[in-house]
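Chemist: Sequence below, structure please.
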Amino acid sequence: MARMGVWIRRFLGRPGDVDIGPYRRLVAEAGALADRAGRVTDLRSALASAPPATAEFCALMREAAHRALGLRPHDVQLIGALALLDGHVAEMATGEGKTLVGAIAAAGYALRGERVHVVSVNDYLARRDAEWMAPLYAAVGLTAGWIAATSSPGERREAYARDVTYAAVSELGFDVLRDRFVTDPADLVVPAPQVAIVDEADSVLVDEARVPLVLAGSAAPGTALPELAALARRLVRGYHFTIDGEGRSVHLTAKGIETVEKALGIDDLYADPAMVTQVNLALHAHALLKRDVDYIVRDGRVHLINPSRGRVAVLQRWPDGLHAAVEAKEGLPPSETGEILDSITVQGLLGRYRRLCGMTGTALAVGERLREFYGLRIAVIPPNRPCVRVDEPDRVYATAADKEEAIVAEIAAQHATGRPVLVGTLDIAESERLAARLRARGLDAVVLNAKNDAEEARIIAQAGRRGAITVSTQMAGRGTDIRLGGHDGAEEAEVTALGGLYVIGTGRHESSRLDDQLRGRAGRQGDPGGSVFFVSGEDHLLTAYAPGESLPPADEDGRVRHRGAAELIAHAQRVAEGVNLEIHRNTWRYTRVIERQRDQVLGYRDRVLHGDAAAVALREACPERYAELCAAFGAEAVGRAARQIVLYHLDRCWSEHLGFLSDLREGIHLRALGRLDPLEEFNREAVPAFRAMLAEVERRARRSFAEADLTADLADQGMRRPAATWTYLVQDNPFGSEWDRVLRHVAGRVRRRR
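Modeler: Predicted coordinates:
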C-alpha cells in the first residue's frame, strides 16, 4: 500500500513522490558487502575508489561509523543519506538518527571534492553535531569545523577551510553579508558556495524564509517617543482602535483619531505622515505585541521570541521603528539602530548553492512550498521500527478556563501512575501559568521556555524519567531525543510498562507541522507513547482563522464532544497555513527582484575586487587624469586607489538603493486604489531605479577619481566607511499584507470624512 501511495503521489505530482526503491536495493547490496567492508584496514583508500551513492560506499560508511562512533547505521539511515546525495529532502521521524544521516551524506559530497555546509537552526546544534561527527569524518580522511556567533574572523576562515562546515543559518548569512563589504580579497571569509545540507529543513527553508538577515552600520539611537507609548496605553480596544480578525493589524477608530489629536495638540493627524507612522508604531507595540508571548525583557533589553520554536530569537529584532516603540512601551532606553548596508533572506542565501538538500521530520506538510520555492522533492523514509504511539483525538472545550482545568487534571492523573508527561504550550506566559497551577497542586514541573533555554539539553534529556513533568513552549529544533527512563535509560523498562512518554499539547498551532513535531517526541524508535491535544473555542487559532464560526454546544463539564468541533479546528488550521503561505509567496515576489539586482552588483563587485575592472573603467572615463596619476604614483598604486573608490561608491549607492526599494514597497500598496497591480508597479519602478543607480556609481567614481589626493587617506576625502557594522534579523511584514494596509488607509480616510 505504501508503494501504491508513492505511485499515486508521483502521478499527481504531489509531495513525497521520490521513489526510494532504488535506494533500498543499494542498501540491500551494501548489507551483502558487510563482511568485506569489515575486513578493510584502510577505509580512506577504500572510499577513494568507491563512488558515493553506491552499495560499496554505503557498506564502507556503515563500517566507518561503527568504528569511529560505535554507531552502526540502520538501513533506513543509509536510505536517507542516499536521498540527500540525490539532492532531495529526506523526511525522517524524530529519533531516527538524522545527525548521522547528514554526516554520511556530507562525507559523500566531500569525497566527490565538493565543499559542504551543514546548515543548522542554532549554534548549539552546529557545534554539537560537528564535534560528535568529527571522528567519522577523520576515519574517512575528511575534516570538519563549526562556526558560532562568538567565532573570530580567523576561526571562521579556518572552519570554512574544512571539508565540512557546520553553522547556524544566521551565522552563515551574516558572514556572506560581511564579505560583501570587504575591500581586500585577503579579508574574505566564506568560500564559493557548493553544497548545503539543511537540518530541520522545514524550519529553515519555510519558517525562517521570511526573516531577512541584515548588515547595518553608522549606529544611532532609536526614535520612538515615550509619550506616544504612554498615549497608546490609554487607548481602549473597540472604542479607540480595532484589531483585525487574524491579529495582524490594528487601526484607530474615529474616536481614537480624535483622542490622539487632542492629546498631541494637533488639528489633523493625517496631515503629518511622520506622526501617523509613529502613532501606528506605538499602537502596534501596545495592542499586538505581548510580553512573554512575542518577546521577553531580559537584562534591560527586548528579546524577540521565535514563534515556531518558542525560544529567544538571537540577534533578531523588528524593523527599527517598531523595535524602538516596544522599548518605549517597556520603559527601556532605545537600542542602537542604523542604516542598512545590505540584507538577504534565508531563501536568497540558500539559493546561492549549486546543490541544496535537507532532512526533517515534517516535510510533507510543506512539500508544495519546498517544490515551489526551492525545486526540492521529498523522499519519505520509513522508520527503523514501526511507530506504535497512540494519538488520541483532540479534547475540545468551550472556554480556555475549562480547557486549562482539564489539562491540569489530565497531567495529575497521568503523573499519579508514574508515567512521564511532556506538555507543549503555545507561549511563555501559558507555560509559566500552567507550571504555577501544577505547583499549587503539589506537582513539581520543570519549565523549558525562552527564559532558560540554555538548560534545554539537560532538561530534555531527563523528560523521559519516571514521574517527570516537563512543560515546554516548543519542541521543534531542540536537538535532543527523549529517552525513556532518562538519559541513562535506568528506568526504561519501568517507563515502557507504564505506556512510555505522554505528550499533551495545550492548543493547536497555526501550522500542523508544529503539532506533529510535538507528537513526535513520543514513540521514537518503536517506543510506546501517547499524545493528545486540548483545544478551546477561545484559542487564537479559532478566533483568528474561523471568526464568526462557533463550536457545537458543550456538555455540563464544558467539553465539546460533537465531531463538528474537529472539522472546525482542521478548517481553521488550513486557513492559517494558507495565510502564511501567501505571506511567504508575496515576500518572495518582491525579494526576487532585489536578489536579481544584488547578483548583478556582486558580479561587478567581484570583478573590481579580484581584478582591474575599476582601473579599466576609470582609465576609459578619465584617460588624462589616469595617465597623470600613473606617472606620479605608478600604475599599481593608482589601481589600488581606483578599486577603493569604485567599491566605496558601489556599496554606498547599493545601500541607498535598498533604502529606496524599502520605501517603495512600503507605499506601493496604495497603487491598488487605482486598480493597479502593486507587484507590477514595484517592478516597473525598481528596474529603472537600478539602472540609474549603476549610472550614479560611475558618475560619483569619476568625480572622486578626478579630485582624489593619493597622498592622503581616501576616508578623509568623503569616502569613509562605517566605523562599525552589526548584524541582526528583522521580522518582515510587521503590519500585515499590502492589502491589509490598503484597507486601513481607505478606512482612515472614510473615518476622517464623517
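Chemist: How about the residue nearest in space to the middle of the chain, nearest residue that isn't a chain neighbour?
Modeler: By CA atoms, centre = their mean, the chain has its centre lying nearest to residue 208, at 2.2 Å. Distances taken as CB to CB, 6 or more residues apart in numbering place residue 346 nearest to residue 208, at 4.6 Å, with adjacent residues excluded. Every residue, glycine included, has its C-beta placed from N, CA and C.
Chemist: still on that earlier bit, so who does the residue nearest to the centre of the chain touch?
Modeler: 121, 169, 346 (CB atoms under 8 Å, 6 or more residues apart in numbering).
Chemist: Just the helices from the stretch 101-250 of the chain, written as ranges.
Modeler: With DSSP state H, counting those that start in this stretch as the criterion, the stretch 101-250 of the chain has helices at 123-139, 153-160, 169-179, 201-202, 226-234.
Chemist: now, among the contacts of residue 208, which is nearest to residue 255?
Modeler: Nearest to residue 255 among those is residue 346, at 42.1 Å by CB to CB.
Chemist: gap between the residue nearest to residue 208 and residue 646?
Modeler: 30 Å (CB to CB, to the nearest Å).
Chemist: And for residue 610?
Modeler: 13 Å.
Chemist: Among these two, which residue is more densely surrounded?
Modeler: residue 646 (26 against 11; other CB atoms under 10 Å).
Chemist: Quick one: list the elements packing against the lengthiest helix in the chain.
Modeler: When the chain is parsed with DSSP state H, its longest helix is helix 564-610. Contacts defined by 3 or more CB pairs under 8 Å, 6 or more residues apart in numbering; DSSP states H and E place helix 564-610 against strand 336-344, helix 346-350, helix 367-374, strand 395-397, helix 540-545, helix 613-621, helix 635-668, helix 678-707.
Chemist: Lowest average pLDDT across the ones you listed?
Modeler: When the helices and strands packed on helix 564-610 are compared by mean pLDDT, strand 336-344 comes last with a mean of 79.
Chemist: name the helices or strands packed onto that strand?
Modeler: Using 3+ CB pairs under 8 Å, 6+ apart, strand 336-344 is in contact with helix 169-179, strand 213-221, helix 320-329, helix 564-610, helix 635-668, strand 725-730.
Chemist: Can you give me the pLDDT of the residue in the chain sticking out farthest from the centre?
Modeler: For the chain, the residue at maximal distance from the C-alpha centroid (CA atoms, centre = their mean) is residue 631, at 53.8 Å. We note a pLDDT of 95 for residue 631 in this prediction.
Chemist: for the strand or helix carrying it, which positions count as buried?
Modeler: Here residue 631, judged by DSSP states H and E, is contained in helix 623-633. Neighbour-count burial for helix 623-633, counted by 16 or more other CB atoms under 10 Å, picks out 625, 626, 629, 630.
Chemist: before we move on, the earlier item: let me have the helices and strands packed on helix 564-610 in JSON lines, adding distance to residue 152 as columns.
Modeler: Converted to JSON lines, those look like this (distance: least, CB to CB, whole Å):
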{"stretch": "strand 336-344", "distance to residue 152": "21"}
{"stretch": "helix 346-350", "distance to residue 152": "22"}
{"stretch": "helix 367-374", "distance to residue 152": "32"}
{"stretch": "strand 395-397", "distance to residue 152": "52"}
{"stretch": "helix 540-545", "distance to residue 152": "43"}
{"stretch": "helix 613-621", "distance to residue 152": "30"}
{"stretch": "helix 635-668", "distance to residue 152": "23"}
{"stretch": "helix 678-707", "distance to residue 152": "32"}
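Chemist: who wins for proximity to residue 117 among these?
Modeler: Going by CB to CB, the one of the helices and strands packed on helix 564-610 nearest residue 117 is helix 346-350, 9.5 Å.
Chemist: Can you pull out the residues in contact with that closest one?
Modeler: Counting by CB under 8 Å, 6+ apart, 119, 169, 172-173, 176, 196, 198, 204-205, 208-209, 211, 213, 356, 373-374, 588, 591, 595, 598 sit against helix 346-350.
Chemist: what's the answer for stretch 699-714, then?
Modeler: Residues outside stretch 699-714 that contact it (CB under 8 Å, 6+ apart): 614, 617-618, 621-622, 625-626, 629, 632-633, 637-638, 641-642, 644-646, 648-649, 652-653, 717-719.
Chemist: buried subset of the residues you listed?
Modeler: Counted by 16+ other CB under 10 Å, the contacts of stretch 699-714 give 614, 617-618, 622, 625-626, 629, 638, 641-642, 644-646, 648-649, 652-653, 719 as buried.
Chemist: Helices of the stretch 351-500 of the chain, start to end?
Modeler: Using DSSP H, counting those that start in this stretch, the helices assigned to the stretch 351-500 of the chain run over residues 367-374, 400-416, 428-440, 456-461, 492-497.
Chemist: what mean pLDDT does the second one have?
Modeler: Just to be clear, that refers to helix 400-416. 96.
Chemist: and it, what does it pack onto?
Modeler: Applying 3+ CB pairs under 8 Å, 6+ apart, one finds that helix 400-416 makes contact with strand 395-397, strand 421-424, helix 428-440, strand 501-505, strand 529-536.
Chemist: do that again at 6 Å, thanks
Modeler: strand 529-536 (3 or more CB pairs under 6 Å, 6 or more residues apart in numbering; DSSP states H and E).
Chemist: Just the pLDDT for residue 3.
Modeler: Confidence score, pLDDT, at residue 3: 53.
Chemist: How about residue 753?
Modeler: For residue 753, pLDDT reads 41.
Chemist: Same question for residue 427.
Modeler: Confidence for residue 427, expressed as pLDDT, is 83.
Chemist: Excluding sequence neighbours, find me the nearest residue to residue 112.
Modeler: residue 52 (5.9 Å).
Chemist: Name the residues of stretch 107-119 that come out as buried.
Modeler: 107, 108, 109, 110, 111, 115, 116, 117, 118, 119.
Chemist: Could you tell me the end-to-end distance of that stretch?
Modeler: 15 Å (CA to CA, to the nearest Å).
Chemist: contact partners of that stretch?
Modeler: 47, 52, 85, 102, 106, 140, 142, 163-166, 169, 194-198 (CB atoms under 6 Å, 6 or more residues apart in numbering).
Chemist: what's the answer for stretch 549-566, then?
Modeler: Contacts of stretch 549-566 (CB under 6 Å, 6+ apart): 396, 397, 398, 402, 537.
Chemist: Show me which of these is closest to residue 280.
Modeler: residue 537 (31.0 Å).
Chemist: And for that closest one, the neighbour number?
Modeler: There are 24 residues near residue 537, going by other CB under 10 Å.
Chemist: Which residue is the nearest non-sequential neighbour of it?
Modeler: Counting by CB to CB, 6+ apart, the residue nearest residue 537 is residue 551, at 4.4 Å.
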